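Enquirer: Here you go, sequence then predicted model.
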Amino acid sequence: MSPRRGGSATRATPSPSSATDILEDVDASLLDVIDNVLNKGVVITGEIVLGVARVDLVYVRLSALLCAADRIAGRPRD
Amino acid sequence: MVYVYAFVRGTARPRGLRGLADAPVRVRTGARVLAVVSDVAARPEPTLDNVRGHDRVVTAMAARFPAVLPTRFGAVLADEAILADALAARGAVLDAALTLVEGREQMTLRLYGRAAPTTEDPPALSPDLGPGARYLEGRMTARRAETAVPEMAALRPVLAALVRAERVERHATPPLLATIYHLVERGTASAYLEAVATASGRLGNVRARASGPWAPYAFAPDEAL
């Protein structure tokens, strides 16, 4: 399953949707990569950071997609 | 501006690796803890390509260094001098975290199904406790509930020999119950996946799905840099 490539307008400032867009058409195998890279890892923040992309909404969307992936995968054989 | 992918310890020096915007990746040498960086012209957006690019660099570093601590996506620093200051200030914390993950990698275990009912009543608090102590006791009970995963009890015996550390997230989005991140010795991922596959039938109405190995993203120190 290849991700659909959609055109998107360049935004002057990042919006929450740019972070959740990443979850559209994402292969189930990528959900763990996204969870790792956007929700985990050493957080560098505060005054030393010039600005971090807003990814607050990714967490909720990710959980929903994990549930969907679980439904698709079906129950494992006993 | 500088983008940081991970902190590492070791003597390897990556050559020819490209990061975000195809910029060359280099190791910023400092004291004991090193930073893996590349130059960026602007703060990168969390597109799929950039997220994959971040993970690609992290994975490449995990192959070259025995101890790697991935960073979370998106932090851009003005220059390396600021990074050096941050490393100096937090070096001990990062060093300890690198010691934990040295020679190890992460397996991710997700549990789906119905949450186990809470079987135990909260312990009765002594009437001698003042309001402050009661508050702390309540927080500890809540925290234990957050990190306890009774649903995976049947998996614990088969995983015990493999797991070096654990981080737990309970979810409020059924049927996804919890995600458990396990730190295992490098080279034991197959044994871990096999153990989960073998024992998953003992979980009753709960399904277990394991993935990995990954670089140890979930084992970063709690405090931000």
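Expert: Thanks, I have the structure now. Residues are numbered from 1 along each chain as shown, chains lettered A, B, ... in the order given.
Enquirer: residue ranges with poor pLDDT in chain A?
Expert: By pLDDT under 70, the weakly predicted segments of chain A are A:1-28, A:47, A:51-60, A:74-78.
Enquirer: If we use 90, what do you get?
Expert: A:1-30, A:44-78 (pLDDT under 90).
Enquirer: so where's the longest helix in it?
Expert: helix A:58-73 (DSSP state H).
Enquirer: Which secondary structure element of chain B has the lowest mean pLDDT?
Expert: helix B:131-147 (a mean of 80; mean pLDDT, DSSP states H and E).
Enquirer: helices or strands next to the longest helix of chain A in the packing?
Expert: Under the contact criterion of 3 or more C-beta pairs under 8 Å, 6 or more residues apart in numbering or on different chains; DSSP states H and E, helix A:58-73 touches helix A:16-20, helix A:28-34, strand B:104-112, strand B:163-173, strand B:176-185, strand B:207-214. Any C-beta I mention is one placed from the backbone N, CA and C, and that applies to glycine too.
Enquirer: can you do 7 Å?
Expert: For helix A:58-73, the elements it packs on are helix A:16-20, helix A:28-34, strand B:163-173, strand B:176-185, judged by 3 or more C-beta pairs under 7 Å, 6 or more residues apart in numbering or on different chains; DSSP states H and E.
Enquirer: out of the ones you listed, deepest packed?
Expert: Highest mean neighbour count of the helices and strands packed on helix A:58-73: strand B:176-185, a mean of 22 (counted as mean count of other C-beta atoms under 10 Å in any protein chain shown).
Enquirer: Give me the angle between that one and helix B:131-147.
Expert: Angle, strand B:176-185 to helix B:131-147, by axes from the mean of the first three to the mean of the last three C-alpha atoms, to 10 degrees: 80 degrees.
Enquirer: How about residues contacting strand B:176-185?
Expert: Strand B:176-185 has contacts (C-beta atoms under 7 Å, 6 or more residues apart in numbering or on different chains) with A:63, A:66-67, B:101, B:103-113, B:115, B:149, B:151-152, B:159, B:162-171, B:192, B:206, B:216, B:218-219.
Enquirer: before we move on, what about stretch B:82-93?
Expert: Residues contacting stretch B:82-93 (C-beta under 7 Å, 6+ apart): A:48, B:2, B:4, B:28, B:30-33, B:35, B:77, B:221, B:223, B:225.
Enquirer: And stretch B:9-23, by the same measure?
Expert: Stretch B:9-23 is contacted from outside by B:3, B:5, B:24-25, B:27, B:32-34, B:38-41, B:44, B:50, B:53-54, B:57, B:60, B:64-67, B:98, using C-beta under 7 Å, 6+ apart.
Enquirer: Export that stretch to PDB, keeping only CA atoms.
Expert: As requested, the backbone C-alpha atoms of stretch B:9-23 are provided in PDB (Å, rounded to 0.1, in the frame of the first residue of the first chain):
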ATOM      1  CA  ARG B   9      28.800   7.600  23.200                       C
ATOM      2  CA  GLY B  10      31.600   5.900  21.400                       C
ATOM      3  CA  THR B  11      34.400   6.400  18.900                       C
ATOM      4  CA  ALA B  12      32.700   5.800  15.600                       C
ATOM      5  CA  ARG B  13      32.500   8.700  13.200                       C
ATOM      6  CA  PRO B  14      29.800   8.500  10.500                       C
ATOM      7  CA  ARG B  15      30.900   9.300   6.900                       C
ATOM      8  CA  GLY B  16      28.600  10.000   4.000                       C
ATOM      9  CA  LEU B  17      25.400   9.800   5.900                       C
ATOM     10  CA  ARG B  18      22.700  12.400   4.900                       C
ATOM     11  CA  GLY B  19      20.000  13.700   7.100                       C
ATOM     12  CA  LEU B  20      17.100  16.200   6.700                       C
ATOM     13  CA  ALA B  21      17.300  18.300   3.500                       C
ATOM     14  CA  ASP B  22      20.000  16.000   2.400                       C
ATOM     15  CA  ALA B  23      22.500  17.700   4.700                       C
END
